[in-house]
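>>> Below is the structure, and that's it, no one-letter string:
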Ligand SMILES: C[S@@+](CC[C@H](N)C(=O)[O-])C[C@H]1O[C@@H](n2cnc3c(N)ncnc32)[C@H](O)[C@@H]1O
């Protein structure tokens, strides 16, 4: 029976602080989910028995530090216990309200006592509390400060002084008169309801508000909390800032604070003997956009499931490798990955089957974002267009490609890339070496290879072939190619070694009239053996029918527990090149 669905909103903001368009979707999660951490006990219910393929493996739960923000701490927004999982969490803090001008020196002085949460600035400004000084500072000629102007007078003055430079001089006004295009768009998308991003951090990651109850300056601060800025309840004093204090000082009285903070509060009296700085209580609300991917996933997924920690990226595509236990939640996981990695990531896919076909392409399922699997990857300053649905690409091999090009190839080399794919080795080699022959069996890969050669303006240095590897190697050595090959790359790790026999007798077919140069071969392979180098060397000897000496082995990477990808580099023995061929290619 299909379990009932529970609507989960990535976060629930107050109506005027609605969710940004990127994450406004509703996450629909099967109700049979195990309760999410205690903070969300009301949101997701029941045990995660539903996953037929779920593994019994218990995830090592990372202990949560007692310090810093966490979805497990704080409290939800009021009135959010209606079955909706909320990611908005409120935390109580203490802050020093200080004049804006003293903020920077005080920040230095109170270092160690200020809030130190990732991605939260310890200086908070409140909307509306801005610009008064710039606009209405008394002229040096008149020592008496003018009485605060009325709202009408302020608007008139602004209108008089606002000109082309106004946007520089009065950033607040500029913001009010010309909302950013993004904000305008959001406004439209919100069915006419205004979305405000003015409060607190960037992109609604967090919002700081003063706690009004019990605040002796309650009325005064009311204006700051309004969104109207210069509206009728705007702040009338000089600009102030809040220096957010370390979370351990929340709700403490002045006499309970450390000496360094007390000194600031005690020793900076105003002319009227009142302190220039005051201790205020405030609250910070952290929204869905604030929380890192792993925290959100941990809240959403049933307890005991290993939280998918990472993914590979290919251009705008995030490539997940989900375990069986994740599959019932694959769309949910993908949506979180998308939300947390926008705008760089636009599409999230999962591999549905291990690579098995000749072209080494993957069967991918698009789980979130747009459906396009055609993307552009930039590697070592070169651009590669790739269609992940029909060609091979592996960003994890970029270090290995650089090793070959930077440390192994010389400028005078002529490189033969037998299994070139869309050209990451061939094209980066062509930037350096004299000439490149690049081949692949997959016609689509060859199409992209040609496209990428043009994209990187290397048409004159690469010749492209679309044939089987054996035929390609034979034809390179039998026909009259101008450039004698000095380096051969064979990057088809599962099977490349099997193709080595094609080198037997290649000098016999040499029709160039020139002596046959023995190329250096860079052959890739996998080994699960305890001694992977020995194992791979044995395979090379077997296929070539000779004992090849001086083989340099390089461990490229561990592709699975106990399984190494290796690169064996050796000069083709003359005895092999002149031996009787044991394989007919034509
Ligand atoms: C592992 S990929 C390597 C591609 C490229 N070197 C890279 O690093 O992206 C192997 C490539 O070999 C091609 N291939 C497979 N069998 C082949 C064959 N018999 N002859 C030529 N190319 C082949 C596949 O189409 C694939 O593009």
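Yep, that arrived. Because the structure is a prediction, the values reported are computed rather than measured.

>>> Tell me the residues on this structure that lie near the ligand, please.
Proximity of the chain to the ligand is confined to 358-360, 392-394, 397, 419-421, 424-425, 439-442, 445, 468-469, 491-492 under the rule CB under 6 Å from any ligand atom. Heads up, the C-betas are built off the backbone N, CA and C, glycines and all.

>>> please redo it, this time with the cut-off set to 8 Å
Applying CB under 8 Å from any ligand atom, one finds that the chain approaches the ligand through 358-361, 391-394, 397, 401, 417-426, 439-442, 445, 467-470, 472, 489, 491-493, 495, 499, 524.

>>> Okay, and which of these map to strands?
Cross-referencing those against strands under DSSP state E gives 417, 439, 489, 524.

>>> farthest-separated two in these?
Spatial extent of these (CB to CB) is set by the pair 439 and 524 at 15.3 Å.

>>> re the thing from before, neighbour-wise, which one of the ones in strands among the residues of the chain next to the ligand leads?
residue 417 (29 neighbours; other CB atoms under 10 Å).

>>> which ones are touching it?
The contact partners of residue 417, by CB atoms under 8 Å, 6 or more residues apart in numbering, come to 423, 425, 426, 429, 436, 437, 438, 439, 489, 491.

>>> Quickly list what it is bridged to.
Under the criterion DSSP bridges, residue 417 forms beta bridges with residue 438, residue 489.

>>> longest strand in the chain, by residue count?
Secondary structure of the chain read by DSSP E shows that its longest strand is strand 89-99.

>>> which stretches of the chain have low pLDDT?
When the per-residue scores of the chain are filtered using pLDDT under 70, the ranges that remain are 1-66, 79-85, 127-203, 212-237, 267-275, 355, 480-481, 511-513, 582-586.

>>> Residue 507 touches residue 575, doesn't it?
No. With contact defined as CB atoms under 8 Å, residue 507 does not reach residue 575; the gap is 10.3 Å.

>>> so which residue of the stretch 151-300 of the chain comes closest to the ligand?
When scored by CB to the nearest ligand atom, the stretch 151-300 of the chain has residue 293 as its residue closest to the ligand, at 27.9 Å.

>>> residue contacts, that residue?
Applying CB under 8 Å, 6+ apart to residue 293 gives the contacts 336, 337, 340, 341.

>>> The second one touches residue 349, doesn't it?
No. Counting by CB under 8 Å, residue 337 sits too far from residue 349 to count as a contact (10.2 Å).

>>> which neighbours do these two share?
Shared contacts of residue 337 and residue 349 (CB under 8 Å, 6+ apart): 318, 320.

>>> So residue 252 belongs to a helix, correct?
No. When DSSP: H, G, I helix; E, B strand; the rest coil is applied, residue 252 is found to be coil, with no helix at that position.

>>> In space, what's closest to it - neighbours in sequence excluded?
Of all residues not flanking residue 252 in the chain, residue 94 sits nearest, at 6.3 Å (CB to CB, 6 or more residues apart in numbering).

>>> Can you tell me how far the one you found is from residue 68?
Here residue 94 is placed at a distance of 16 Å from residue 68 (CB to CB, to the nearest Å).

>>> give me the beta-bridge partners of the residue of the stretch 201-350 of the chain at minimum distance from the ligand?
Per CB to the nearest ligand atom, residue 314 is where the stretch 201-350 of the chain lies closest to the ligand, at 11.0 Å. With DSSP bridges applied, residue 314 shows beta-bridge pairing to residue 317.

>>> residues contacting it?
For residue 314, the contacting residues are 375, 377, 386, 388, 393, 395, by CB under 8 Å, 6+ apart.

>>> quick one: the fourth one and residue 373 touch, right?
Yes. Residue 388 is within contact range of residue 373, at 4.3 Å (criterion: CB under 8 Å).

>>> joint contacts of the two?
With contacts defined as CB under 8 Å, 6+ apart, the residues shared by residue 388 and residue 373 are 317, 349, 364.

>>> Just want the phi and psi numbers for the nearest residue to the last one once chain neighbours are set aside.
In space, residue 364 comes closest to residue 349 once its chain neighbours are excluded; the distance is 4.3 Å by CB to CB, 6+ apart. Note on residue 349: backbone dihedrals following degrees, to the nearest 10 are phi -130, psi 160.

>>> Check the spacing between residue 105 and the ligand real quick.
Separation of residue 105 from the ligand (CB to the nearest ligand atom, to the nearest Å): 55 Å.

>>> Doesn't that residue belong to a helix?
Yes. Secondary structure assignment (three-state DSSP) places residue 105 inside a helix.

>>> Can you tell me how far the residue in the stretch 301-450 of the chain that the ligand sits nearest to is from residue 499?
Of all residues in the stretch 301-450 of the chain, the one sitting closest to the ligand is residue 421 (2.8 Å; CB to the nearest ligand atom). Shown here: residue 421 relative to residue 499, a distance of 16 Å by CB to CB.

>>> Could you do residue 287 as well?
Summarising the geometry, the distance separating residue 287 from residue 499, computed by CB to CB, is 56 Å.
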